[in-house]
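A.B. asks: Here is my input; please provide its structure:
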Amino acid sequence: MDAAVDWNIKARGFIAAGNLAPAATRRALAVLQTSVYGAINAITARYPAGGMEPGTARGGSIEAAVASANRVALLALLPAGKSAIEAAYQAGIAKVAAGTARESGIAVGQKSAAAILAIRAGDLLAAADGIPAPPRTPWLLADAAALRPAPPPAFSTPAWVRDFNEVRNFGGRTSTRRTAEQAELALFWADETPAALYDVVHSVTADSDREVTRNARLLMAVAQAADDATIATLDAKHAYMFWRPVEAIRNADKDGNEYTTAEAAWAPLHDDSTLPEFPCGRCVEAAAIAGVLKADIGNGPMPTLHAGSRTAPQLARSWNNVEDMLREVADARVHAGADFRNSTVVGMQMGARIAALAATQLLVTPPVKESPPPY
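C.D. replies: Numbers count the residues shown, from 1 in each chain. From the prediction side, this is the model:
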């Protein structure tokens with residue numbers, strides 16, 4: 001495991017311990033991974049900087065730079081976790097031989113993180129769930145509304161009746177039509193944090209043929225895409241204010257469609273969200289990350305993808321391709337009673353468009369295999 005991946009895992013642990021909201025978690029990871037890539041790229045200068053200033057500090061310890069960038073960014077994002085963060089930093093930096101390379105790496109990491117924090121200073125505190133105020137600045141999108149989709153199906157349409165009845169029949173807490181496996185997968189994907197999806201990313205970064213700069217670039221692209229997925233999702237949700245299945249089914253007598261029937265006691269299997277329903281946010285994020293992984297792999301073979309879940313720790317999932325994973329995500333949201341089918345389709349389309357932007361802006365140069373720097 002290289003330094004970029006190792007510190008990504010550590011950082012996710014600190015963020016989880018800090019109980020950041022899901023949207024704040026995604027913003028924090030985007031800041032962290034952009035800082036880390038900037039530091040590594042400044043040392044190796046192997047890839048274009050993805051819209052950032054080109055690297056200027058040739059040489060230095062990558063391990064020290066990664067540790068330093070994480071320390072600076074994490075202390076700014078999670079001041080309450082200072083003791084644990086400092087302890088992890090000191091343990092990491094102690095493994096790097098003292099000398100010019102270590103000191104240079106530390107300086108490069110500090111500079112990279114400070115630069116990203118300064119750029120994002122105006123919206124770091126706007127990363128809470130709900131309506132951001134002031135608006136969060138996207139990384140890849142032109143603005144928050146750039147991917148706003150067409151409205152959800154009108155209540156008078158067959159599409160609405162289809163989606164309504166599917167969720168009512170398969171997503172209810174007492175449904176007899178949902179299989180045991182479908183219920184398990186609904187629980188697996190009930191976690192609103194990006195934890196399971198980062199497990200999937202690590203299935204790719206674990207390849208022994210990959211080197212640290214490429215992994216850092218991938219982690220940055222994933223983190224920025226996931227954060228922009230949140231921004232685009234929140235924009236659309238608050239633009240349409242569409243009711244969630246529990247509201248729609250309990251109040252179906254108010255939708256004006258004779259083919260939908262109200263059930264006052266209906267409850268979803270898993271859905272604690274207080275946000276509007278359309279589009280499916282988990283679908284936007286999953287498709288964005290999946291698309292980034294495919295762009296990074298290119299024509300190479302996709303490794304077997306693995307993931308665990310905080311909401312279903314007894315389960316472990318694996319897939320041979322991202323398409324199978326995405327189908328599972330979409331089905332799980334419907335079978336949880338959390339999203340309508342149309343929302344999952346639209347969400348996947350939005351995520352794919354974010355991934356295309358990430359590929360163009362951040363993954364434009366094919367990875368190259370080089371010998372590591374001589375330090």
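A.B. asks: helix, strand or coil for residue 313?
C.D. replies: coil (DSSP: H, G, I helix; E, B strand; the rest coil).
A.B. asks: what separates it from residue 328, distance-wise?
C.D. replies: Computed with C-beta to C-beta, to the nearest Å, the distance linking residue 313 and residue 328 is 18 Å. All C-beta atoms are positioned from the backbone trio N, CA, C, and that covers glycine.
A.B. asks: More neighbours: which of these two?
C.D. replies: The neighbour comparison of residue 313 against residue 328 (other C-beta atoms under 10 Å) goes to residue 328, with 17 against 9.
A.B. asks: Is that one in contact with residue 185, as I believe?
C.D. replies: Yes. Shown here, residue 328 and residue 185 form a contact pair, counting by C-beta atoms under 8 Å, at 6.0 Å.
A.B. asks: Could you pull out the helices in the protein for me?
C.D. replies: Taking DSSP state H as the test, the helices found in the chain are 3-17, 22-44, 62-77, 82-93, 100-119, 158-170, 180-188, 195-205, 212-240, 245-250, 281-297, 322-335, 341-362.
A.B. asks: Which strands and helices lie in contact with the third one?
C.D. replies: Using 3 or more C-beta pairs under 8 Å, 6 or more residues apart in numbering; DSSP states H and E as the contact definition, the elements that helix 62-77 packs against are helix 3-17, helix 22-44, helix 82-93, helix 100-119, helix 212-240.
A.B. asks: Looking at the helices of the chain, spot the one closest to residue 150.
C.D. replies: Evaluated with C-beta to C-beta, those place helix 341-362 nearest to residue 150, the distance being 8.1 Å.
A.B. asks: Which neighbouring elements make contact with the closest one?
C.D. replies: helix 158-170, helix 212-240, helix 281-297, helix 322-335.
A.B. asks: what comes up buried for it?
C.D. replies: Under the neighbour-count criterion of 16 or more other C-beta atoms under 10 Å, helix 341-362 has 341-348, 350-359, 361-362 buried.
A.B. asks: I'd like to check the angle between it and helix 158-170, please.
C.D. replies: Computed by axes from the mean of the first three to the mean of the last three C-alpha atoms, to 10 degrees, the angle separating helix 341-362 from helix 158-170 equals 100 degrees.
A.B. asks: Contact partners for residue 22?
C.D. replies: For residue 22, the contacting residues are 129, 192-194, 230, by C-beta atoms under 8 Å, 6 or more residues apart in numbering.
A.B. asks: Please apply the same query to residue 310.
C.D. replies: Neighbour list for residue 310: 191, 193, 195-196 [criterion: C-beta under 8 Å, 6+ apart].
A.B. asks: Next, it: phi, psi?
C.D. replies: phi -70, psi -30 (degrees, to the nearest 10).
A.B. asks: Which of the contacts of residue 22 sits closest to residue 245?
C.D. replies: Comparing those against residue 245 with C-beta to C-beta places residue 192 closest, at 16.4 Å.
A.B. asks: how close does that closest one get to residue 39?
C.D. replies: For residue 192, the distance to residue 39 - C-beta to C-beta - is 30 Å.
A.B. asks: Tell me which of those two has more neighbours.
C.D. replies: residue 39 (35 against 19).
A.B. asks: picking up where we left off before, out of the helices of the chain, nearest to residue 272?
C.D. replies: Closest approach to residue 272 among these is made by helix 245-250 (10.6 Å; C-beta to C-beta).
A.B. asks: just checking, what packs against the closest one?
C.D. replies: So helix 245-250, by 3+ C-beta pairs under 8 Å, 6+ apart, packs with helix 158-170.
A.B. asks: Show residues contacting the helix it packs on.
C.D. replies: Outside helix 158-170, the residues within contact range by C-beta under 8 Å, 6+ apart are 152-154, 175, 177-178, 182, 245, 248-249, 252, 255, 257, 259-260, 263, 266, 334-335, 337, 339-342.
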